[in-house]
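Novice: Below is the structure, and that's it, no one-letter string:
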């Protein structure tokens, strides 16, 4: 390790920290979750609509309760999306890369046109 | 004869990288964010970059990603890794070429850029820009992974002889 190494690594960490603060500041309570599969917006659920919903033909199961959404089941082996836990703030997202599925929280003012 | 021994050495390097990929795939994910991992095969790539050459390291890296994709992954995971690997390798090769930094900084840059490339492709594939929210965590995990790989890589560069080539 020399001085240049430290400057470079320190610089990367500072950028990461700034990005982290920026992300935290931009979060507020969300109103609904939008489900995308392969980039297509397929479904949206209000965070106040409690219940259990199968997504993408049942590959992932979404559960909404108490204003929070999370995935309870997935057909992939690593189940990273299930372990990503509960989301409720705008911009928070659960990702299932094997199924190319994302669950994103949006605020009430952000309306999204659903192509059905 | 020199050519044959070099080819054998590179073939062994790919094998080692594949084994390390397998070992890594057996480590359970400790954070639920896609992409947080140590990147053990990168030890081999850093080593080749310093001891054999940029071209050879690049070829081994590309072959490794494709083989790992076929063996342990899917087309999708191969696409993510390829994006990460290409960006990470270009960054490492450029940084190494400046001769300003040690293996540590080179492998840290590799770790961070790998995650940046991967998340960028994930954003494009899922068309969800919010995935960028993972970026800070992925950058920090990339730094930590890079430090670990940097230490191991520097040891290998110091101890493994390549003068038979």
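Specialist: Cool, got the structure. Model, not experiment: these values are computed from the prediction.
Novice: Close to chain A: what parts of chain B are there?
Specialist: Within chain B, the positions lying close to chain A (C-beta under 8 Å from any C-beta of the partner chain) are B:29, B:32-34, B:74, B:76-77, B:80, B:100-102, B:104-105, B:108-109, B:112, B:122, B:125-128, B:130-131, B:133-137, B:139-140, B:143, B:147. The C-beta positions use only the backbone N, C-alpha and C, and glycine is treated the same way.
Novice: And the closest residue to residue A:69 other than its chain neighbours, its phi and psi?
Specialist: What sits nearest to residue A:69 in space, not counting adjacent residues and going by C-beta to C-beta, 6 or more residues apart in numbering or on different chains, is residue A:33, at 4.8 Å. Dihedral angles of residue A:33 (phi, psi; degrees, to the nearest 10) stand at phi -110, psi 140.
Novice: do the same with residue B:99
Specialist: Main-chain dihedrals, residue B:99, degrees, to the nearest 10: phi 60, psi 20.
Novice: Residue B:37 too?
Specialist: Here is the backbone geometry of residue B:37 (degrees, to the nearest 10): phi -160, psi 170.
Novice: number of nearby residues for the nearest residue to it once chain neighbours are set aside?
Specialist: Closest residue to residue B:37 apart from its sequence neighbours, by C-beta to C-beta, 6+ apart: residue B:24 at 6.2 Å. Residue B:24 has 15 neighbours, counted by other C-beta atoms under 10 Å in any protein chain shown.
Novice: Please apply the same query to residue A:3.
Specialist: For residue A:3, the neighbour count with other C-beta under 10 Å is 8.
Novice: any idea how far it is from chain B?
Specialist: According to C-beta to the nearest C-beta, to the nearest Å, residue A:3 and chain B sit 10 Å apart.
Novice: Out of the residues of chain B next to chain A, list just those in strands.
Specialist: Assignment to strands by DSSP state E places none of the residues of chain B next to chain A there.
Novice: what's the nearest residue to residue B:139 if we skip its chain neighbours?
Specialist: Closest to residue B:139 by C-beta to C-beta, 6+ apart is residue A:16, at 3.8 Å.
Novice: Ok, residue A:58 next?
Specialist: Excluding its sequence neighbours, the residue lying closest to residue A:58 (C-beta to C-beta, 6+ apart) is residue A:75, at 7.8 Å.
Novice: where along chain A do the helices fall?
Specialist: A:3-25, A:80-83 (DSSP state H).
Novice: can I get those in CSV with mean pLDDT?
Specialist: Listed next are these as CSV, based on pLDDT from 0 to 100:
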stretch, mean pLDDT
helix A:3-25, 89
helix A:80-83, 86
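Novice: Next, count neighbours for the residue nearest to residue A:69.
Specialist: By the measure other C-beta under 10 Å, the count of residues near residue A:33 is 27.
Novice: For it, name its beta-bridge partners.
Specialist: Counting by DSSP bridges, residue A:33 is bridged to residue A:45, residue A:105.
Novice: Where does the prediction get shaky in chain A?
Specialist: Applying pLDDT under 70 to chain A flags residues A:109-116.
Novice: Show me what from it comes close to chain B.
Specialist: Residues of chain A found near chain B (C-beta under 8 Å from any C-beta) are A:1-2, A:4-5, A:8-9, A:12-13, A:15-17, A:19-20, A:23, A:36, A:38-40, A:78, A:80-85, A:91-93, A:95, A:97-98, A:100-102, A:104.
Novice: mind listing what's buried in the strand or helix carrying residue B:17?
Specialist: Counting by DSSP states H and E, the element that carries residue B:17 is helix B:2-26. For helix B:2-26, the neighbour count (16 or more other C-beta atoms under 10 Å in any protein chain shown) marks B:6, B:9-10, B:13-14, B:16-18, B:20-21 as buried.
Novice: List phi and psi for residue A:26.
Specialist: Per-residue torsions, residue A:26: phi -90, psi 10 (degrees, to the nearest 10).
Novice: Report the contact partners of it.
Specialist: By C-beta atoms under 8 Å, 6 or more residues apart in numbering or on different chains, the contact set of residue A:26 is A:90-91.
Novice: which of the residues of chain B next to chain A count as buried?
Specialist: Among the residues of chain B next to chain A, the ones that count as buried by 16+ other C-beta under 10 Å are B:32-34, B:76-77, B:80, B:101-102, B:104-105, B:108-109, B:112, B:122, B:125-126, B:128, B:130-131, B:133-137, B:139-140, B:143, B:147.
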